[in-house]
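Engineer: sequence and predicted structure below; questions after.
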Amino acid sequence: METEKSPFWKTCALTPRDQRNQRRALLWLFVWTVVWLAVSFGIEDGWLAAGALTMTAVVAATLFGIAMMLAYWRFVSQADELHRKIQLDALALGFGTGVVGTITYRLLEDAGAVSAADVADIAAIMMVAYAIGVVVGMRRYA
């Protein structure tokens with residue numbers, strides 16, 4: 001007898017508290033991303049003049065990033081064991097991808113095979129690997 005596989009959008013259920021904490025963490029992530037992009041483009045495109053205004057914007061972006069980290073920490077620390085495992089596995093995948101990818105890219109750069117990478121590119125690769133890890137973990141335990 002063949003078992004039916006659930007649709008891709010069906011994943012592990014979160015408790016109402018976990019859902020609330022996850023929404024809060026995602027909201028802070030979104031806000032931080034928007035602020036970071038605004039500051040980044042503001043500096044690159046000259047919207048922010050060098051000096052106190054730029055430093056204030058950088059500090060604000062950093063504070064939003066810290067708020068996002070605290071919201072994520074709250075989500076993980078209050079989640080049940082299964083969701084902690086899923087998050088830990090996803091973080092390990094993201095971190096490992098970042099370390100191995102960075103070192104490999106550096107070797108390729110030293111060999112002249114590629115040009116210098118931007119830190120944001122490496123961070124994006126780590127975040128994508130983390131997101132894939134979360135999706136795989138949620139599907140695995142659905």
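Structural biologist: Okay, I see it. Worth saying up front: this structure is predicted, and the values here are computed from it rather than measured.

Engineer: what helix or strand is the residue nearest the centre of the chain on?
Structural biologist: Nearest to the geometric centre of the chain sits M127, at 4.1 Å (CA atoms, centre = their mean). Taking DSSP states H and E as the definition, M127 sits inside helix 119-140.

Engineer: ok now that helix, how far from the chain's centre?
Structural biologist: Chain-centre distance of helix 119-140: 7 Å, with CA atoms, centre = their mean, to the nearest Å.

Engineer: wait, G101 sits on I122?
Structural biologist: Yes - between G101 and I122 there is a contact at 6.6 Å, judged by CB atoms under 8 Å. Bear in mind the C-beta positions are built from the backbone N, C-alpha and C, glycine included.

Engineer: where do the contact lists of those two overlap?
Structural biologist: The overlap between the contact sets of G101 and I122 (CB atoms under 8 Å, 6 or more residues apart in numbering) is empty.
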